[in-house]
Every structure is written in C-alpha cells, then in structure tokens.
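Asks: Got a sequence here, can you build the structure:
(chains A and B)
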Amino acid sequence: MTAVPVPYLVVDRRRETEESVTLRLEPVAEALDDFAPGQFAMVHCFGRGEIPLSVSSVQTTGGLAHTIRNVGAVSDGLCAARVGDLLGLRGPYGTSWELDRARGRDVLVVAGGIGLAPLRPLILSALAEPEAYGRVSVLVGARTPGDLIAREEIESWPTAYTRVMVDWPDKEWRGDVGVVTQLLGRAPFDPAGTWAFVCGPEPMIRATARELADRGVPKERIRVSLERNMRCATGHCGHCQLGPLLVCRDGPVAGWDVAEPLLSVREL
Amino acid sequence: MTGTEAPEALAVLDRDGLDALVAALVADGRTVVGPTVRDGAIVLAELASAAELPYGWGVELDAGRYRLVRREDGAAFAHSAGPQSWKSYLHPARERLWSADRTPEGDLSFTADEPEAPSYAFLGVRPCDLRAIAIQDGVLTGGRHTDGGYGKRRKRALLIAAECTEPGATCFCVSTGGGPAADAGYDLALTEVVDEGGHRFLVRVGSEEGARLLEQVPHRAADMVTDASARAAVDAARDRMGRALPPVDLRTLLGASLAAERWDDVASRCLTCGNCTMVCPTCFCTTTEEVTDLTGDHTERWQRWDSCFDLDFSYLHEGPVRSSGRARYRQWLTHKLSTWHDQFGTSGCVGCGRCIAWCPAGIDITEEVAALHAELETEKETER
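Replies: Here you go, the predicted structure:
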C-alpha cells in the first residue's frame, strides 16, 4: 500500500538556536507505530513537501518531537509551524540505535551540532536505567555557542562525564574550544567495552569514528547515523543510496565497520 | 498424438490467429500494448488490432544510433528493443501518490490516490524485458514496503512474450545470464517463424490465463517443422549477440573499481543527460513533487521518474553528494552491475542494449566495463 501521512498536531514549539526549533507533536486521531530512538519520520509541510527527520523525543503516549534546522523550503515551513498547526507524518522508518545491545557496557555519545537531537532519547533511556549500563558519557561539539541545542538540559543530565566544546567561541563562552574529537581522550570509557553512538555532520562522524577505532573501540560498536537525500523512505526511490546501502532501509544507523569504507570514497 | 506433432503441448497461430488474439484481448476489456512504428522508431503503444504491429520493419542499431529498416520477410517481431520499455506502463513516468486537503475549520486530511489499475495485455515482450519486469517486481514489491500502484498494475497485466530471433548490434543479454528464449514469467510465449511453410507463431503456454486465452482463438497443434524452425531461430540468435560484457564476476569488478581512472575518461564523454536511465527497463528511481492548487487548501504529492545523473538527485543541504560527472556515471554503472545485488539480490542489467543505442554520446556499457576490467587487471599485474 502507498504510505499516506497521518495528521499530527503541534502541541509545543521551542526555539533551539537561531536556525532550529523543536516541535512537540501529538497524533490527532490514529497514531503511527512507536518510534525507536534513531529512527525517522517523513514529515510533511502542507504545500511544501516532505523531509526525513529523526525523532528527538519519543513518548509512550504516541507523541514525539522533531528538532528541525532551517536549511531548505520544507524545513523552513516546518520551523515556522506554530502550536495548533497540523503536519503529516509517515513512519517509523529505518534502523534505530539499539541501545539494548550496549547493556553492561560503557556508553559514549558524541554529537555534533543538531546531531544531538536524535541522540537525546538514547541518552535519556540510558540514564533512566543507570544500573543497566556502565559509565555514560556525552560529548557535544558545535561550530559556535549559538549552534548548541538543549544547553540547559545537557547540564542536567546525571552522566559520568559531560563536556561541550565549540569551534568558534563568542565573548561569553567560558567552556572548551576546539573540535569534539579532542574530548575523546578525556572521557572515561574502556574502549574494548564501549558502545559509541555518533551523530553530526559527515566530516565530524568520520573524524570521531576513526579516532574511536584507533583508541580500540570495535568498529561494529561505533554506531553512526547516516544522511542522504530521501524521497520515499520505503526503499523505492533510489535517492538515499550510499554504495550498497539504501539509507532509509539499511540506515540511518549503521556500524562503522559498514560505514567506514563507504564514507571514505569521495562522492559515493 | 500423431507423428508430426511436437512433443510438448505447443500450438501454432497464423497471422489471422494473432489478429483474433488481439481482438479477444480488446473484447475482454484489456488495454493491449505492443510495438508499432511511430516517429521513425518502433515504440510501444496501445494497439487496436494486430495490424498495427511493425510487420516488415527491423532496426539497425549501434552506439548512439537507431534506424528503422525494411525487412523482406514481413516479420512483426524481428526487431530489438526500442526507446521505451514496459516500465512506461507498469511504473509510469508520473503518478499521483496522495493528496491533502485543509478545511476552513483547520482540519487536515490525507487521501491515498488509488485509481483502478488498467488491465494491460503486453504483446511482444522480449525475454530481456521479461527479466527486467521481474527485476522491477523485486525492487518495487519484493521488500518490506510495497509500491501499491505498481503492484496492482503488475498483478492485472497479462504478458505475451515474443522470443528473440533477431538480436541487434547493441544486444548482450547472453552475457548477463539471460538469452533470447523466454523461460519464465509469461502467460503466452510466441516464436515467430517465416519460411516456405508460411508466416506463423509457435505458442507456448505459461499460465492458466494464457491457456484460457489461447482457447478463445483459432490455432492448431504445433507441427515438428514449426517447432524445429522456431528452436533453431532462437538458438541461432543466442550466438549472434552484437556485444558482450566481459565474462568475469561483474559485482566484484565494479566493487573494486571505485577509484578507477576510466571514470574520468567516460566522464569526459558523458553529457550526464540521463537518457540511459530513462530507456533502461530496470532503472526505477523516482522523485516527488508537491503541487498545490490556487486555493492553497489542496495539495498533491506526485511521483515522477528521476535520474541519478541529475545534480539534484543526491542533494543534501550543503550541495549534491555526487557533483562530478565521474561520480554520477560511476554511481549508475556500479549500481546496475554491483550494488544492485546487495540491495535487491540480482543484477540490474538484462543486456537489452538500450543505453548504448540511446546515448547521444555513443557510450557503450560493454566497452566501459571491458576497460574497467582491463584497468584492474593491469593494476594487479603491476602489484605482482
């Protein structure tokens, strides 16, 4: 059957940065199946089109949240949505973080910019069951302090280690300056017994995953979130190909063992 | 069974029988689609009668070249693939997926577009195209999600194959693991025979629906001579392929050739026009468009064919992933012959040769693959 969107109501809107907002959504009537952190929805903005968006929050009520950066016609329309507006959603699509596989191990989360959004529900799940996991560390990088999302929330997470780093500080910035990979040496984790979850711009993913692998984290346990152009999300449109992968089906979350050879080829 | 009957339950139709076959399909309410001459090419179009088949026309093909030629024998199916394939009907170039409406009260509703699927009868499907249809079946209906529109059209379609007795200079189906004989996926399979015994079609039945259809039209049991002539013509076609892919594991070859220098060479000739993807019978890629009406309260989601040669195809917010011609040609060829296996469990090439004939720059897939093979071999030699 052709997948048709289901109406969802915008129940909350929070501005994250100059160019991004988080929309909290509730189903109007019928809800989509439950999303697992890491999965994505195709979100429709009336008259503009559809884009793939990872979930930045999942609730047992069927509600969910998306954090959207304004980079094109559809995301511009979605960022302009107000409480009370209706959007269309299809999903859930793609692979998830599968945090369960990390039970009993250290959990290392590395996020770049808005890449923190899809990792947020994973962090909350891990922190909700502290006895189930080893040390949980969260490393966040952003270009500027203005590009950081969920700043106050980050501070509130009871992790073993949390650090935020920016490339280009402003006058008020009192934190670390540099790229997020520089934090990998400081976070407390046992490489051989760690599951890492990485999301951000592709160069950041490459640098982080390489460094983690060099430090001894098994490549299969370095989970990265991939991004490609996507039109259908059902494996039929061909747009999201990354070599042998259809990112909508075999991703977005994949192991570095699979992703490394693909992200190492220019323009693949 | 008399001494002159063929061992299998085969039948023979003469030209009147073929006329009756098309008439029966039309009377049955089917949209009959088959080859016919139009605009200097043998195109696929709706046929009102078998008289519209390209009797007496053949084609002359080469890289970047397609010409109609007259045939002395008056054969209807002695031509190789034309500019279109059956995907134009099963996986149309434009299709509405769904529409959405906003009411003044602020309600929003989505409606799937589910028109009744036409009941097609495809007449003259080449064995290469039968395999192409099977490949698209796998892509569009074989996974976790199903393309509903395609599935419905495909399920209702009746396939009458025409075995290949006249391969073109751009044909290479044998080297893709196929061949000029129809071996599966048809309701009826015809093999055209024109000799001193007359102009006739050997018929094999591939399904109950095909058997029922055959019962409705005048036919006779197959004789040994017709059967032998038909087999001989198809066997001869197997040995007369105009081209061939190198006899190596293409999946591995292409997978190992991502850094090949040949891509720069082909990119210097490739116009990135996308013709090869449009004529390819297995290329399935689509994009979507949002179309609103003047009220602004009604919007429609349309799907249309897309090509991996288009810059927008791989567009992400910072620009296209594959901006160079090199990367886009590499994507097309590598997908077709290698990563298609990873994604869908088969090759994406059936050797119909359309991409060679309809490339305005005359780029020949068999030549490019041979060059990649040679480059990899040279590289291995150097390493030794």
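
Asks: What residues does the stretch 101-250 of chain B have near chain A?
Replies: The stretch 101-250 of chain B comes close to chain A at residues B:102, B:106-114, B:139-140, B:143-149, as judged by Cβ under 8 Å from any Cβ of the partner chain. Any C-beta I mention is one placed from the backbone N, CA and C, and that applies to glycine too.

Asks: Counting neighbours, what do you get for residue 246?
Replies: Looking at chain A here, since you left the chain open. If you count neighbours by other Cβ atoms under 10 Å in any protein chain shown, A:Leu246 ends up with 26.

Asks: that's the wrong chain, I wanted chain B
Replies: 16.

Asks: Also A:Asp34?
Replies: 13.

Asks: Would you mind measuring from it to B:Val205?
Replies: Distance from A:Asp34 to B:Val205, counting by Cβ to Cβ, to the nearest Å: 49 Å.

Asks: ditto for B:Ala157
Replies: B:Ala157 is 17 Å from B:Val205, by Cβ to Cβ.

Asks: follow-up on the earlier one: taking the residues of the stretch 101-250 of chain B next to chain A one by one, which sit in strands?
Replies: Members of those lying in strands (criterion: DSSP state E): B:Arg102, B:Leu108, B:Ser109, B:Phe110, B:Thr111, B:Ala112.

Asks: Got the domain ranges for chain A?
Replies: Chain A resolves into domains spanning A:6-93, A:99-263 when parsed by automatic domain parsing.

Asks: How about the last one and chain B, any contact?
Replies: Yes - contact check for domain A:99-263 against chain B, using Cβ under 8 Å from any Cβ: residues in range are A:227-229, A:231-232, A:234-239, A:241, A:243-246, A:249.

Asks: how far away is B:Cys359 from A:Gln59?
Replies: Where A:Gln59 is concerned, B:Cys359 sits at a distance of 53 Å (Cβ to Cβ).

Asks: Please say which of the two ends up with more neighbours.
Replies: B:Cys359 (22 against 15).

Asks: quick one: the more buried one is in a strand?
Replies: No - assessed with DSSP: H, G, I helix; E, B strand; the rest coil, B:Cys359 is coil; it does not lie in a strand.

Asks: quick one: contacts for it?
Replies: Taking Cβ atoms under 8 Å, 6 or more residues apart in numbering or on different chains as the contact definition, B:Cys359 lies against B:Ala63, B:Gly64, B:Asn275, B:Cys276.

Asks: From those residues, keep the buried residues only.
Replies: B:Ala63, B:Gly64, B:Asn275, B:Cys276 (16 or more other Cβ atoms under 10 Å in any protein chain shown).

Asks: Redo the residues you listed as CSV? Include distance to chain A and pLDDT.
Replies: CSV is the format used below for the buried ones among the contacts of B:Cys359 (distance: Cβ to the nearest Cβ, whole Å; pLDDT from 0 to 100):
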residue, distance to chain A, pLDDT
B:Ala63, 26, 97
B:Gly64, 25, 97
B:Asn275, 17, 98
B:Cys276, 14, 98
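
Asks: Check the residues you listed against B:Ala259 and report the nearest one.
Replies: B:Cys276 (22.5 Å; Cβ to Cβ).

Asks: Look at the closest one and give its secondary structure.
Replies: helix.
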